[in-house]
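Student: Build me a model:
(chains A and B)
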Amino acid sequence: MGAIANNIRRLRFDRGEMTQAELATKVGVTRQTINAIEQNKYSPSLETAFRIAEALGVPIGEAFSHSANG
Amino acid sequence: MAFREKLAWISVATMALVYGWYFWTVLPLARAGAGGWFRYAKLLQGTIITVVVLQVVLTIAVAIFSPREAQAAEDEREKLIALKGTRAAYFVLVTGALLVSVWGIFFGTNAVLLGNDALLAVVVANLVKDVTQIVHYRLGT
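Tutor: Next up, the predicted model:
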């Protein structure tokens, strides 16, 4: 199966400590969902992953990565 | 705490308290065959009205304190959590319906008892749905 990892926390930090709530508003999800994604507890849909990358101003491959070994 | 998790807590608390009192009162009477159907109908009517009023008042109170979350549509994770709750509740409801049916067929029942046992299955299924949702919200999944 593999696992999806992400760099959202670092990318938020790089953008002047953007809060989870600010990112959530830009993406159109709840703050709790951003928190769950950051902690790798929830894997977002492809559409939401693209929206997160867009909101952070990076290509999707920089925001998310996939490890085949899980 | 997410707005919809608060709603699940409201649902669990109000249903457990009010229906708990209802079944605690009614089931022993129904099993003993006491009272006419009108008495049970009045008790059930009061119970349903109490649950609805409590849930509406508490939901409005929670929405007043977090208006932005209250107006926002469910996001994909919240929809998934709702579906997980519904899935768990479905199995409980089917099991309850089967148990009520089998019990009625093999051991006999009356209309009041049958109706209340079926209602119990619905209430337990709803509680399982809400608790499942709360667990997923708490785990962050």
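Student: what pLDDT does residue A:2 get?
Tutor: Note on residue A:2: pLDDT of 57.
Student: Next: residue A:26.
Tutor: pLDDT recorded at residue A:26 is 94.
Student: Was I right to think it contacts residue A:55?
Tutor: Yes: contact criterion C-beta atoms under 8 Å: residue A:26 and residue A:55 qualify, at 4.0 Å. Bear in mind the C-beta positions are built from the backbone N, C-alpha and C, glycine included.
Student: Looking at the two, which one has more neighbours?
Tutor: Between residue A:26 and residue A:55, residue A:55 has the larger neighbour count (other C-beta atoms under 10 Å in any protein chain shown), namely 22 against 15.
Student: what about that one, is that helix, strand or coil?
Tutor: With DSSP: H, G, I helix; E, B strand; the rest coil as the basis, residue A:55 sits in helix.
Student: How about the contacts made by it?
Tutor: A:23, A:26-27 (C-beta atoms under 8 Å, 6 or more residues apart in numbering or on different chains).
Student: tell me the phi and psi of the residue nearest the centre of chain A?
Tutor: Here the mean C-alpha position of chain A is nearest to the C-alpha of residue A:8 (C-alpha atoms, centre = their mean), at a distance of 4.6 Å. Main-chain dihedrals, residue A:8, degrees, to the nearest 10: phi -60, psi -40.
Student: That one is in contact with residue A:56, isn't it?
Tutor: Yes: assessed by C-beta under 8 Å, residue A:8 is found in contact with residue A:56 at 7.1 Å.
Student: Spell out which residues are contacts of both of the two.
Tutor: Listed as contacting both residue A:8 and residue A:56 by C-beta under 8 Å, 6+ apart are A:23, A:63.
Student: Around residue 54, how many other residues sit close by?
Tutor: Here I'm looking at chain A. 14.
Student: hmm, I had chain B in mind actually
Tutor: Around residue B:54 there are 17 other residues, counting by other C-beta under 10 Å.
Student: Let me know whether it touches residue B:18 as I believe.
Tutor: Yes: counting by C-beta under 8 Å, residue B:54 sits close enough to residue B:18 to count as a contact (7.0 Å).
Student: which residues does residue B:115 contact?
Tutor: Taking C-beta under 8 Å, 6+ apart, we find residue B:115 in contact with residue B:40.
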